[in-house]
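J.: Give me a model of this one.
(2 chains)
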Amino acid sequence: MAHDASHAAPRPLGGPLVTPVTVVLAALALGALGVLVVRFTQGLGAVTNLNDGYPWGIWIAYDVVVGSAFACGGYAMALLAYIFNRGEYHPLVRPALLASLFGYTLAGVSVIFDLGRWWNFWHIFWPSFAQVNSVMFEVALCIAAYIVVMWIEFAPAFMDKIGLGDLKRKLSKVLFVFIALGVLLPTMHQSSLGSLLVVFGYQVHPLWQAGWLLPLQYLMTAITLGFAVVIFEATLSAVGFKRPLETPVLARVCGIMHKLLLAYLVVRVADLLLRGALGTAFAATAQAFWFWVEMACFVVPALLLGPAASRMQPARLFLGAVLLMAGGMLLRINGFLVGYMTGEGWHYFPSLPELLVTVGLIAFEILAYIVIVRRFPVLPAEQPGAR
Amino acid sequence: MTMDRRSFFKAAGAAVAAGSAACPAAARGNKELSPDAVGLLFDSTLCVGCKACVAACKEANGMPVEVSTADALWDTPLDISGKTLNVIKVYKNGTPEVKDREENGYAFSKKSCLHCVDPSCVSACPVKAMKKDEKTGVVSYNKDACIGCRYCVAACPFGVPRFTYDSATPVISKCQLCQHRWPEGKYAACAEVCPTGATLFGKVSDIKAEIARRKALKPGTPTQFPRGRLGGPDQSYEAPVAKYVDHVYGEKEVGGTQMMMLAGVSFEKLGYPALPQTSFASQSETLQHTLYGGLVLPVAFLGALTWVAKRNVKPEDGEQGDSHGA
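T.: Down below sits the predicted model:
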């Protein structure tokens, strides 16, 4: 097919599926499954440290809020490649989309683990139950819709294999509609994940209760994180699958990410100053401590990746991406847990089984990614000297 | 390339402008109290801490006992929970000699749902499991609709809705003003059994009038204190009126609540937070409706995105890999 010759078409990597890495990942995933059996038969209290002061733990704050933000690679790359029409990023789109597909699907599925009355989950999609004033309603609907849209966007990668070539050709004619939806939906729910905190009011520490700026902050960091995750995953998969590093194109992604990061820092700091909240960052509290760790995770990459030359160094690029992921994670964990304070006497730290489920989910995600890229056309074929 | 980007911004800008024009700031403000709203009046200075209301609430709502002592002989809840909808708590300071005094004194407080005029839990609930009755204003819970997400638990500024974490079929628990007993001519069990009238049931308008009456009296003046239900059969008794702090809790907090409280010590000492007058629900919904009101902005944005994507996405983008016949 006469495709833009500047980038290679994706193809399956091949190679073994049973390796020490995949076996360990599978074992971790099975461990999570074991915990979940107890959770569904005995209730949330049997395996989690949740309580009425902290009704949400890491299954929401990490698995859903952070997990979906980490899955924004596909969103960020689609925005770049299709909306801003930067063709040179096309090879990065499909691997990013695959990671997003898994990240989001698992974030969506993991909501079920946390829902106390999970057998009623369909009420969210049933018009007579719809409560349109609820931020949660909008988030749930948009995430669910985005998962479906991503599967459709990704479908061409496996349609040939399952004998749906005809459907694939039809789909490709209207794919732009799904790509547009694939940009709209994450824009909506990633910002709304921040809006979830608005109704908590004074229960969220002033360092994170940004009110009407919450959606903007969560959206900006979600896209920044999307780029960071693309750099992170591309670097890891190059090393893991022994492929050449894609440093030049990643450095360009990094340049865009860096601009967005600076814009975010301006919004974040200006908001703290305008609300007069910055003073609380100098108090001797755990919240102040974690605030500075979070800020460091944003500021260090801002400095580290400032000079264009440093973006060409794979190690720096990777470190910057990892720090940004940590920063984006902390912004969310801080807003939903560390800075969420419902009064004296309430404490929460995840239990071992809670952690096992979260770790198992991540393991399953990586495992599925490995299996898919080895068997389906996702990663661009190696082309020496291309581009 | 530059052209496309420029046209995207143009289209997006036009879309946003159209959207903003179509939904002028959807700020909704606090919700209004229904004229027929009912609620509770809790007068801390009248409470003797007998906890008859705690026991009566358990019985009326079929809630299990909750023990906190080593001998496990009595129902001794320390706080509201999945098993307890109403508790009486005590504030103590120094040598707790004198009732309703902050220093070297003590005072009682009641903890149960305040039935906000503009409740966060109702605004948060994605599936209408939390509802506020338009007429009576009772905030009620429907377990058959509930998905168990606990956004209501997290959102409530008073920490009221609780959850039964230890059950495989958990529910949210909260006071519903015993509305299941109303058809029998009964009312909130806590008010019904209160021997001193510290907890009264009644229309919010009557509660406000009663509060005004008590506050207008000089501390120490003998006056009639009703018991049970305002506007019900006369069960009043005479006692001197206490010295109240100049704050009616629930009058203005987060847009007002239908349980209102009088006390002799500050409400912060009694475990009630200082809260703004604007409801958190109105803040959240104003933001949400500004962005999503009538789906105007999302549809406009989608239109712009689709237009740009149609120009930029080539049919082959979906067919990468074909050429290699994978």
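
J.: B:Gln235 contacts B:Arg227, correct?
T.: Yes - between B:Gln235 and B:Arg227 there is a contact at 4.1 Å, judged by Cβ atoms under 8 Å. No exception for glycine: its C-beta is placed from N, CA and C like everyone else's.

J.: For chain A, what's the nearest residue on chain B?
T.: Closest to chain A within chain B is B:Gly148: 2.4 Å, counting by Cβ to the nearest Cβ.

J.: Next one: the closest residue to that residue other than its chain neighbours, what pLDDT does it get?
T.: Nearest residue to B:Gly148, sequence neighbours excluded (Cβ to Cβ, 6 or more residues apart in numbering or on different chains): A:Gly116, at 2.4 Å. Per-residue pLDDT puts A:Gly116 at 97.

J.: and A:Gly116, what are its phi and psi?
T.: For A:Gly116, the backbone dihedrals (degrees, to the nearest 10) come out as phi -60, psi -40.

J.: residue ranges with poor pLDDT in the chain?
T.: Answering for chain A, as no chain was given. The model of chain A has pLDDT under 70 over residues A:1-8, A:382-387.

J.: Chain B was what I was after
T.: Short version for chain B, where the test is pLDDT under 70: B:1-26, B:315-326.

J.: Can you give me the buried ones in stretch A:108-124?
T.: By 16 or more other Cβ atoms under 10 Å in any protein chain shown, the buried positions in stretch A:108-124 come out as A:108, A:110-111, A:113-118, A:120-121, A:123-124.

J.: A:Pro20: how many residues sit nearby?
T.: Neighbourhood size, A:Pro20 [other Cβ atoms under 10 Å in any protein chain shown]: 7.

J.: residue contacts, the residue of chain A at minimum distance from chain B?
T.: Using Cβ to the nearest Cβ, A:Gly116 is the residue of chain A that sits closest to chain B, at 2.4 Å. Going by Cβ atoms under 8 Å, 6 or more residues apart in numbering or on different chains, A:Gly116 touches A:43-44, B:146-150, B:163, B:165, B:170-171.

J.: before we move on, the earlier item: find the residues that touch each one of B:Gln235 and B:Arg227.
T.: By Cβ under 8 Å, 6+ apart, the residues touching both B:Gln235 and B:Arg227 are B:Gly197.

J.: Please say which of the two ends up with more neighbours.
T.: B:Arg227 (22 against 11).

J.: my guess is that one contacts B:Ala239, does it?
T.: No - B:Arg227 is not in contact with B:Ala239 according to Cβ under 8 Å; the separation is 11.0 Å.

J.: Tell me how far A:Arg374 lies from B:Gly220.
T.: 85 Å (Cβ to Cβ, to the nearest Å).

J.: quick one: which of these two has more around it?
T.: Remark: of A:Arg374 and B:Gly220, A:Arg374 carries more neighbours, 17 against 9, as counted by other Cβ under 10 Å.

J.: The more buried one: what secondary structure?
T.: Under DSSP: H, G, I helix; E, B strand; the rest coil, the three-state class of A:Arg374 is helix.

J.: Contacts only, for it.
T.: Contacts of A:Arg374 by Cβ under 8 Å, 6+ apart are A:12-15, A:17.

J.: Just the buried ones from those, in PyMOL syntax?
T.: Of those, the buried ones can be selected in PyMOL as follows, counting by 16+ other Cβ under 10 Å:
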select buried, chain A and resi 12+13
